[in-house]
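build me a structure from this.
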Amino acid sequence: MTLHHLSQEQVLPITLAEAWDFFSSPRNLDSITPPDLGFKIVHCPAEKMHEGQIIEYRVKVAPGIWVPWVTEIKAVEEGRSFIDEQRFGPYKFWHHRHTFEEVDGGVKCGDLVHYGLPFGPFGAIAHPLFVRPKLERIFAFRREVLARRFGGKA
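Below is the predicted model of the structure:
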């Protein structure tokens, strides 16, 4: 399995407390995910994330094809970072570290995703054609929504 990564940073003109309050609620993920993904939370037992929390979603990977996606919150450093990992879903491997750092003008929000695809050579072919562009579009959408909501640059 080839491990791919995607990283991005965005400065939002808000306090660290405001950033943490927004991002530490799994329910806010709906609002920063493109509508065409059909992203739906199926089960989220707590309003604020905590280590060991299991969250169940459904996502549309192609027209009319829905798959379950289950993640676990693996680590939480209150106000600084958290990690979500896929337990099962569309990826063979998914590890997403979210970071938050006070900087001049607000908070730098960072994402570092390591991911691997299923289906061997078919996954390798799909990565540059479909998967990577779709992930980049998802994170671009997220940047735009966050800039509209909180101000700052997308």
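
which outside residues touch the longest strand seen in the chain?
Ranked by residue count, the top strand of the chain under DSSP state E comes out as strand 65-77. Residues outside strand 65-77 that contact it (C-beta atoms under 8 Å, 6 or more residues apart in numbering): 24, 38, 42, 49-61, 81-90, 94. C-beta here means a position set from N, CA and C on the backbone, and glycine is covered the same way.

quick one: mean pLDDT for it?
Average pLDDT, strand 65-77: 95.

touching, residue 97 and residue 83? I think so.
Yes. At 5.0 Å, residue 97 and residue 83 qualify as touching, with contact defined as C-beta atoms under 8 Å.

how near is residue 130 to residue 63?
Note on residue 130: its distance to residue 63, by C-beta to C-beta, to the nearest Å, is 13 Å.

please apply the same query to residue 110.
According to C-beta to C-beta, residue 110 and residue 63 sit 33 Å apart.

the more surrounded of the two?
residue 110 (14 against 7; other C-beta atoms under 10 Å).

mind listing what the more buried one touches?
Contacts for residue 110 (C-beta under 8 Å, 6+ apart) come out as 7-9, 97-101.

centroid residue for this protein?
residue 96 (6.7 Å; C-alpha atoms, centre = their mean).

for this protein, just list every one of the helices.
16-23, 120-126, 132-150 (DSSP state H).

what sits against residue 144?
Going by C-beta under 8 Å, 6+ apart, residue 144 touches residue 154.
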